[in-house]
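In: What shape does this take:
(3 chains)
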Amino acid sequence: MLSAEDNELLTRVGPGTPMGALLRRYWTPALLVSEAPTPDGDPVRVRLLGEDLVAFRDTNGRVGLIQENCPHRGASLYFGRNEGCGLRCPYHGWKFDADGACVDMPSEPPNSVFKDKVKLTAYPTHESGGIVWTYMGPPEEMTPFRDFGTESLAPEHVAATKMHTTCNWVQAMEGNLDTSHVSWLHQWDGVDDIPDDGSDKPGYPSNAMSWKFWRHDRAPRLEIEDTWYGFKYAGIRTTPNGFTHVRMTAFCYPYNTAVATIPFGVRQSMFVPIDDENCWRYSFTTRVIDNSRGVGGANLFAVAPFRLARAEVNGNGIVPREYTAENDYGIDRDEQRSTTYSGVAEFASQDLMVTESMGPIYDRTQERLGTSDKAIIRMRRLLIAAAKHVRDGGAAPATSADHDYREVRSAEKILEPGEEWRILGTNEDPLVKEMDIAWASDRAPVAGS
Amino acid sequence: MLSAEDNELLTRVGPGTPMGALLRRYWTPALLVSEAPTPDGDPVRVRLLGEDLVAFRDTNGRVGLIQENCPHRGASLYFGRNEGCGLRCPYHGWKFDADGACVDMPSEPPNSVFKDKVKLTAYPTHESGGIVWTYMGPPEEMTPFRDFGTESLAPEHVAATKMHTTCNWVQAMEGNLDTSHVSWLHQWDGVDDIPDDGSDKPGYPSNAMSWKFWRHDRAPRLEIEDTWYGFKYAGIRTTPNGFTHVRMTAFCYPYNTAVATIPFGVRQSMFVPIDDENCWRYSFTTRVIDNSRGVGGANLFAVAPFRLARAEVNGNGIVPREYTAENDYGIDRDEQRSTTYSGVAEFASQDLMVTESMGPIYDRTQERLGTSDKAIIRMRRLLIAAAKHVRDGGAAPATSADHDYREVRSAEKILEPGEEWRILGTNEDPLVKEMDIAWASDRAPVAGS
Amino acid sequence: MLSAEDNELLTRVGPGTPMGALLRRYWTPALLVSEAPTPDGDPVRVRLLGEDLVAFRDTNGRVGLIQENCPHRGASLYFGRNEGCGLRCPYHGWKFDADGACVDMPSEPPNSVFKDKVKLTAYPTHESGGIVWTYMGPPEEMTPFRDFGTESLAPEHVAATKMHTTCNWVQAMEGNLDTSHVSWLHQWDGVDDIPDDGSDKPGYPSNAMSWKFWRHDRAPRLEIEDTWYGFKYAGIRTTPNGFTHVRMTAFCYPYNTAVATIPFGVRQSMFVPIDDENCWRYSFTTRVIDNSRGVGGANLFAVAPFRLARAEVNGNGIVPREYTAENDYGIDRDEQRSTTYSGVAEFASQDLMVTESMGPIYDRTQERLGTSDKAIIRMRRLLIAAAKHVRDGGAAPATSADHDYREVRSAEKILEPGEEWRILGTNEDPLVKEMDIAWASDRAPVAGS
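Out: Reported below is the predicted structural model:
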């Protein structure tokens, strides 16, 4: 439960808000590379942190991200002509480059110096992992680009997607820090019929067995460990055979999550605010896990009676929404009664049904939180404290170039006797050492650093 | 005409408003029984007095009416699984019974006492006459359920319907307390051609002749009599033969109306606020009138060139709206010029055209009321006074169990010389005595009493 | 750039606003005659300066323009029955004539004097040039109807149209006072291929050559001359042959513009506010130019690769919008890259794309104006000053009956050496004298004067 003031502080991200100021200290996904693929191609509207922007890829291939409305008389530059290393306003032909400089002003006399005085808001961009990232904060406070793996891998080993969500970014993110809900929302009655494949013992269980564990113990114990990037937490369950099963999820400032994956995971889900009442859920997967081991997330949905939305990503990496509030998320009440607990045919929509139905901006002044909500509570506290810290002149956490952001990892395992969940997925984890993740040796300096 | 303050007080019904507090002292229609027909069936969204609720019929057949959003983390319980005498939240499986108690909390340890501390808002319900009624006021102020006939008759003798109206409940109700508009809105030029069937004389006229009387005398004189349930009023017209024709309509706190019917009527129309800008018009008809007498409402529209919406009630008792503001209520201008006065093909839509076009919440600070608006004025004054009375600690009027609410009746008749309209439809009326209404003898105690 | 206060003052036109008070001192287009063509025909909804009105043509052919909601109980008179020199409310049959008097009140006793006390808001109307004009200001301040040519010509010589625009009226009008944008928004690359027809010399160029001049010199020098009706300004360009080309446009209080036309023009475009966020662009053309001379606006679009919206006016004179914000104005990005500068296939939609994309009410506190925006600046200053003048008790400018409003004319010409652009299109212009414009001799007194 939060006070009304803290709930406002936590959720509002427009210009001038404390949380908006915090978020603007990080390189932020602005669009997918696939949305602006070619030089001099079509401009794209981008709404980000409540600001209306236009992205364009210039003649040299650089992506500009500028204010939507022309500083002259306000026409939308989205309708501009993208040519000759700049975007021209359709109204009077004023032309702006990716840095926001006015490089041509045909409506004024050739010798006018007015052109040199006009600039528009332009945010620097950096392409990495199929995503165009931007930095919207004060230039003098610019933080280094954080490499979660996108810098050090070839494009074919990184896949980025995004999905639209019609609610505030925080409540969308809360779902990813909530291991207990997988014991209900994503369950179905047929789980009991999944055959025991022998992996209910210390080590890495199969995905199918993981479903069983979730259903078997619906009240996970949560343990939280603060880290340099935020925190990681374990959802600890007892398996049918009495072993200790851990799902470990990481939260990295300000909206990154790495959700528990067998054996460990580097997939990042980022809840990027479009404005206060809408967000994009950006995800990217980096292929650093040796899938030949026969473990990993690829077959998570093989046993489930519903689909994974990611299977239907369109050519641009954008996940189309078939199920929305308007159609009650396609809920099938008979199926809900007889088979699944949600009645919804698709994994991501199950999440969206609950998070979007909390309202555009969830009112946290009335809620009743339990022990299973510890990670959510920690995330809120960290974000609120960080926003106040930056407001008071401090630095944004988890922005240092001295860290390796590829170490923000999740994990899932049945513990050996005496095994400590806190080393799972870290560079101290024997499995991680054994797999000798390729990227660790070829890290290169990146934009903004 | 009202002051802006009184207009606000009269129309607003959300939590915390004086009028909302008054309305919450009465058992209120929440949904039709047909909308939640079977145990463990689909939950239904209910918006009532500005509150978002969910109704579900539990395993034992009891209807729960609870707050829509889960008290845990706010997911909509509309998407819940209705099973085992409770509704489970789809997010974490918290389960609530019809009393609002949390009866299962699978996300917390089995020995947790947290479950016992969590309750959600649940309103008691009572099914009667095809309607699920609820009481939304303070429990310690709960009033008895009022039997307008629904308790004492077999289901096959009660028919309930509801129709959506996109305006404030008060202005919708005002139409039912406005006998003079039947002389215009519902008229047509062909009335003059209706043959005189000889019933323009003291006694009960035919419906067809009643149409003629409305048209013949468009300026009825209104007389009002305050009653224990609110008031009843007579719209007095002179017939072509010079007799005194009376249409008597009753208003019962807070939104019940019984509109003039030949020979007398017990049909209740209730204008139940969804919120300040929408209402349901609930109606139920109880068959206590001996239709074999050849009088009564059944053939009211036999002579009119338009239809009665009720003829098109769907299987659930909900009157679908074919004509709305979006299609100008289907107005046919040529027909308006040549035949009817409204141009609208259907009786209820004629009313909706005028009441909805007054705006979402009618501004009563500018109107010019005449002598034909006396009943409307009285209703407003009574409601405003009652809301203030309850606000100041008084009891809500017309809630006592000592009254027989089946005596809220309308009537229509041509008076005998010296006959007093005030006894029409009462138990003193010779006709009522003669018909020996069945229910009067078998009244039973009901919920909440 | 304006202060926030001045921007509010400039743009808001509802009842009680200073700019609204100024605008209400002029006869204003309310609807096209074609929208209410026949006596006792269908009433029409009219929203004008933020007021909801209903227009009806009465039995005698007079157009009434009255408040939409009945003063009795607020039903919309749009649904009224238009008959016998008045509009009857559909609710109770109250009947109002075009002056707003209540001429029948059937719901009250025949001898009631209440009827005589009830009036509704009714604005006087005057039909001229295919437009129904109205005066919405204080009766004691009524100004004379201004004849821009509509009074003195036969109907077949006047053509009126209107087009809906989803933005504030001022920013829509600014486009007509902005000669520099024709050098960009309305241009295309093929202009260079238009053959030189020899008219790049002092005198009247062809329309095709005018396109070339616009493209040749994109930074016109602006000169402004205040006039009794507002101002006129010249956009001065140097032609390929080094001559001085002038486009002269007139602004007449409060929202009239006459845009540069070869050889001179009397076509009026009027930006009439529906409310603060919508306007109608009314235009009327009067055939006073001798087109047999081979000059004039008729063939303006013969050479351009896009269409003129006016060519698609529907039977009622209303220009349907095929291209709107919802479909990105049908922008064709390949065409934009290869041919036109806008990518939009139709002239008026090119303008609408830029003016509507400035937002519903353009924020003038952030803009950066150049020397080419001088006329826009002047218009704003004049309007703001006039609104303050009227607010302080002064008279509205350009309302005197002593002026001949048909002299509000535009012009376009290549100047002779020493020729003064300020006489172009005036009665001193030799061309105007030579053409002996018919109407100058048959001016008649008109309504309101």
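In: Distance of residue A:154 relative to chain B?
Out: To chain B, residue A:154 is 39 Å away according to C-beta to the nearest C-beta, to the nearest Å. Where you see a C-beta, it was placed from the backbone N, CA and C, and this is true even at glycine.
In: Pull the contacting residues for that residue.
Out: By C-beta atoms under 8 Å, 6 or more residues apart in numbering or on different chains, no residues touch residue A:154.
In: Next one, pLDDT for it please.
Out: The model reports residue A:154 with a pLDDT of 73.
In: Isn't residue A:399 up against residue A:26?
Out: Yes - if you go by C-beta atoms under 8 Å, residue A:399 and residue A:26 touch, sitting 6.7 Å apart.
In: Quickly list what's touching both of those two.
Out: By C-beta under 8 Å, 6+ apart, the residues touching both residue A:399 and residue A:26 are A:143, A:146, A:253.
In: Among these, which one has the most neighbours?
Out: Of those, residue A:146 is surrounded by the most neighbours, 27 neighbours in total, counting by other C-beta atoms under 10 Å in any protein chain shown.
In: my guess is residue A:303 meets residue A:197, correct?
Out: No - using C-beta under 8 Å, residue A:303 makes no contact with residue A:197, being 10.7 Å away.
In: Compare the two (neighbour count), which wins?
Out: residue A:303 (18 against 11).
In: Ramachandran angles for the residue positioned nearest the centre of chain A?
Out: Residue closest to the mean C-alpha point of chain A, counted by C-alpha atoms, centre = their mean, is residue A:270 at 0.8 Å. The phi and psi values for residue A:270, taken as degrees, to the nearest 10, are phi -120, psi 130.
In: so it bridges to which residues?
Out: residue A:256, residue A:282 (DSSP bridges).
In: pLDDT score assigned to it?
Out: 97.
In: Need the three-state assignment for residue A:85.
Out: Following DSSP: H, G, I helix; E, B strand; the rest coil, residue A:85 is assigned to coil.
In: burial of it, as a residue count?
Out: Using other C-beta under 10 Å, residue A:85 has 16 neighbouring residues.
In: Would you mind checking which of the shared contacts of residue A:399 and residue A:26 is nearest to chain B?
Out: residue A:253 (22.2 Å; C-beta to the nearest C-beta).
In: hmm, back to that, anything in contact with each of residue A:303 and residue A:197?
Out: Common contact partners of residue A:303 and residue A:197 (C-beta under 8 Å, 6+ apart): residue A:208.
In: List, one by one, the residues from chain A near chain B.
Out: Counting by C-beta under 8 Å from any C-beta of the partner chain, chain A comes close to chain B at A:171, A:174, A:180-181, A:183-185, A:218-219, A:221, A:328-329, A:331, A:333, A:336-337, A:341-343, A:350, A:353-355, A:357-359, A:362-363, A:366-373.
In: same thing but at 6 Å, please
Out: Contact residues, chain A versus chain B (C-beta under 6 Å from any C-beta of the partner chain): A:180-181, A:184-185, A:218-219, A:333, A:336, A:342, A:353-354, A:357-358, A:362, A:367-368, A:370, A:372.
In: These, buried ones only, as a ChimeraX selection?
Out: ChimeraX command restricting the residues of chain A next to chain B to the buried ones, with burial defined by 16 or more other C-beta atoms under 10 Å in any protein chain shown:
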select /A:180,181,184,185,218,219,336,342,353,354,357,358,362,367,368,370,372
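In: domains of chain A?
Out: Per automatic domain parsing, the structural domains of chain A span A:28-134, A:155-441.
In: weakest of these by average pLDDT?
Out: When the domains of chain A are ranked by mean pLDDT, domain A:155-441 comes last with a mean of 89.
In: how far is that one from where the chain is centred?
Out: Domain A:155-441 has its C-alpha centroid displaced from the chain centroid by 11 Å (C-alpha atoms, centre = their mean, to the nearest Å).
In: In helices only, show me the residues of chain A next to chain B.
Out: The helices, defined by DSSP state H, take in A:333, A:336, A:353, A:354 from these.
In: so what's the residue in chain A that chain B sits nearest to closest to, chain neighbours aside?
Out: Closest contact between chain A and chain B, by C-beta to the nearest C-beta, is at residue A:357 (3.5 Å). Spatial nearest neighbour of residue A:357, chain neighbours left out: residue B:76 (3.5 Å); criterion: C-beta to C-beta, 6 or more residues apart in numbering or on different chains.
In: and that neighbour, how many neighbours?
Out: For residue B:76, the count of nearby residues is 24 (other C-beta under 10 Å).
In: Please report phi then psi for it.
Out: Phi and psi for residue B:76, reported as degrees, to the nearest 10, are phi -70, psi 130.
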